[in-house]
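Trainee: this one's structure only:
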Ligand code: FAD
Ligand code: MG
């Protein structure tokens, strides 16, 4: 018994020293992390900066943002504003004020193509939800008067938001994932993270460069085959790439494709020959709002409009497989599938 005991005693420390100590001194970065948040798949890859603590901080922040900004969570600040529509202003956090102020800014900038008061239409159609519904014209006519960002009153000094008409509903599905991506980048920069990839349900942020002097290669999905390889490759550094497309959420009925990007004027999904609109820029909040707005505007208005905005690049893909792009992104763009053609 005795010799056997001492054998165990001696060999264990040696085993630990040889096998585990080197592994402890050279800490391995954790791989990427994925969670379902905002009703979609969110993945963050911190590469060499990937620690349990930092992934934990980032995903806790995303979940907190969902709790504050979701129109589907009854206790969120957005739901509280919606519940008080036509009755009283609601006190909200500085964060919600900021997101809604940005939403209002992009609504004004785009002449209402982007409109955060789109909520009643989102609920009526429920595209991508549990009870998708093809509304009658009467149902659409009943909610159209409720869609108008000018009836959203933000009082920054008081910290309140008020929807003037009963039945109005905010929905920040077209901008909040962008804000969330910007928040991820802010936290990462504070932590001196040199490079990372953030993908919040297709809302991409490529932080830093892939390697010294080498840009990230980000794909724009083939909107005809979103599960296959990308249609376009973009070489980007420290930028966000955000796409609004007809393939993200939809239902098909009677040969018609009903998707989730609405024309606030008509109350119907936008049918303008576009399959997708992508925005490339440093601010993901801007890119999210503008990709939705540019989709609503269409490429003919959207390209000259995007060219008036500083540091905003845009790529449109049409039903005819034509690709339209602002001049600034063309040198960093490669078309990967031969059926697509870049139009001058
Ligand atoms: P984008 O083009 O960026 O936005 C389209 C979305 O914006 C539409 O789905 C609609 O919500 C809204 N929209 C449509 N037309 C307009 C317009 N003209 N102007 C302004 N906005 C418009 N989905 C779920 O299924 N379950 C959830 O629990 C859930 N929770 C969410 C919580 C939050 C905080 C957010 C931001 C989103 C949530 N979503 C949820 C929505 C889901 O992630 C959406 O698919 C997503 O927001 C749409 O983003 P997109 O990038 O595909 O399209
Ligand atoms: Mg958007």
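Mentor: Looks like it came in fine. Keep in mind it's a predicted model, so treat the numbers as computed, not measured. Numbers count the residues shown, from 1 in each chain. Ligands and ions are numbered 1, 2, ... in the order given.
Trainee: Please identify the residues of the protein in proximity to ligand 2?
Mentor: 174, 288, 291, 292 (C-beta under 5 Å from the ion). For every residue, glycine as well, the C-beta is placed using N, CA and C.
Trainee: Now tabulate these in TSV and tack on pLDDT.
Mentor: Listed next are the residues of the chain next to ligand 2 as TSV, based on pLDDT from 0 to 100:
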residue	pLDDT
174	97
288	98
291	98
292	98
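Trainee: would you turn those into JSON lines with distance to residue 335 and secondary structure?
Mentor: Below are those laid out as JSON lines (distance: C-beta to C-beta, whole Å; DSSP: H, G, I helix; E, B strand; the rest coil):
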{"residue": "174", "distance to residue 335": "27", "secondary structure": "coil"}
{"residue": "288", "distance to residue 335": "24", "secondary structure": "helix"}
{"residue": "291", "distance to residue 335": "19", "secondary structure": "helix"}
{"residue": "292", "distance to residue 335": "24", "secondary structure": "helix"}
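Trainee: Out of those residues, grab the one that's most surrounded.
Mentor: Neighbour counts for these peak at residue 288, which has 32 neighbours (criterion: other C-beta atoms under 10 Å).
Trainee: what two of the residues of the chain next to ligand 2 are the furthest from one another?
Mentor: For the residues of the chain next to ligand 2, the farthest-apart pair by C-beta to C-beta is 174 and 291; their separation is 8.3 Å.
Trainee: list residues touching both of those two?
Mentor: Common neighbours of residue 174 and residue 291, counting by C-beta atoms under 8 Å, 6 or more residues apart in numbering, are residue 244.
Trainee: In the stretch 1-150 of the chain, what residue lies closest to ligand 1?
Mentor: residue 39 (2.3 Å; C-beta to the nearest ligand atom).
Trainee: The stretch 201-344 of the chain too?
Mentor: Residue nearest to ligand 1 within the stretch 201-344 of the chain: residue 244 (3.1 Å; C-beta to the nearest ligand atom).
Trainee: For the helix or strand harbouring that residue, give me every contacting residue.
Mentor: According to DSSP states H and E, residue 244 maps onto strand 239-245. Strand 239-245 is contacted by residues 174, 178, 181, 202-206, 218, 220-221, 223, 226, 234, 259, 261, 275-284, 287-288, 291-292, 294-295 when judged by C-beta under 8 Å, 6+ apart.
Trainee: Can you tell me which residues in this structure are near ligand 1?
Mentor: The chain has residues 38-40, 66, 69-70, 72, 114-116, 118, 122, 128, 171-174, 176-177, 201-203, 244, 248-249, 260-262, 264, 288, 291-292, 296 near ligand 1, with proximity defined as C-beta under 6 Å from any ligand atom.
Trainee: Out of those residues, which sit inside helices?
Mentor: 66, 69, 122, 176, 177, 288, 291, 292, 296 (DSSP state H).
Trainee: just to revisit the earlier point, pLDDT averaged over the strand holding residue 244 - what is it?
Mentor: For strand 239-245, mean pLDDT rounds to 97.
Trainee: what do you get for stretch 114-129?
Mentor: Stretch 114-129 shows a mean pLDDT of 96.
Trainee: who touches residue 292 in this structure?
Mentor: Residue 292 sits in contact with 113, 114, 174, 175, 244, 261, 277, where contact means C-beta under 8 Å, 6+ apart.
Trainee: Looking only at the helix or strand following the strand holding residue 244, what residues are buried by neighbour count?
Mentor: Later in the chain than strand 239-245, the nearest helix or strand by DSSP H and E is strand 250-253. Using 16 or more other C-beta atoms under 10 Å as the test for burial, strand 250-253 gives 250, 251.
Trainee: For strand 250-253, name the packing helices and strands.
Mentor: strand 256-259 (3 or more C-beta pairs under 8 Å, 6 or more residues apart in numbering; DSSP states H and E).
Trainee: contacting residues around the strand it packs on?
Mentor: Outside strand 256-259, the residues that touch it by C-beta under 8 Å, 6+ apart are 125, 127, 132, 134, 245-252, 269-270.
Trainee: Which members of those are the farthest-apart pair?
Mentor: Farthest pair in the contacts of strand 256-259, by C-beta to C-beta: 134 and 245, 20.7 Å.
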